[in-house]
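# let me see the structure of the following:
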Amino acid sequence: MDLLSRVDELVSEELKVVSYKWASRHFDIPSNDAKRLLFEYAEAHKGKVEVVYLLAGWTKEETPKHTMQLVPGTRLDSARGALRSVSGMHVYSLAAAAAKDVAMLYSQDYIQAAELHTQPPEKANCLRDNRHSAVRCPMVKRVQADRRGAHS
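Okay, here's the model as predicted:
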């Protein structure tokens, strides 16, 4: 089953809120690929899926401030218009219906992260090795933990 079909199953049948972070970890793909996957799904299902965007940009105030906000797709144009300039925008999450509570947007991420954090230290996972991030720092060296969790 291809990833778009799997996203469709998660959103329309399992009624999950699928964020780009959750999709990145679940499908073991880079975060930017997960963002593109959710964007492609949102475009193909316009009007049939609730899309929340992460919108970043500079305010129109006299002393501009950089802001980042989660914006429902229905308010995206007005939110963009309220900014002096947009510095970034991507699909944050997809759902079959609008979230009644903002906690719904990140609860699946939280559960998934908690499960990854409780895995045994010898088991590699994406939160420990940061494999899905586009940000790299060659000066950072990972410290290996033994079976008890003590660092060596």
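# SS state for Pro64?
Secondary structure assignment for Pro64 (DSSP: H, G, I helix; E, B strand; the rest coil): coil.
# next one: the residue lying closest to it once chain neighbours are set aside from Asp77, what distance?
Nearest residue to Pro64, sequence neighbours excluded (C-beta to C-beta, 6 or more residues apart in numbering): Trp58, at 4.4 Å. Yep, even glycine has a C-beta here, placed from its N, CA and C like the rest. Counting by C-beta to C-beta, to the nearest Å, the gap from Trp58 to Asp77 is 17 Å.
# neighbour-wise, which of the two wins?
Remark: of Trp58 and Asp77, Trp58 carries more neighbours, 14 against 10, as counted by other C-beta atoms under 10 Å.
# name the helix or strand for that one, please.
strand 50-59 (DSSP states H and E).
# have a look at this protein and report its longest strand.
strand 83-95 (DSSP state E).
# ok so, going back, can you pull the buried residues of the strand holding Trp58?
Glu50, Val51, Val52, Tyr53, Leu54, Leu55, Ala56, Gly57 (16 or more other C-beta atoms under 10 Å).
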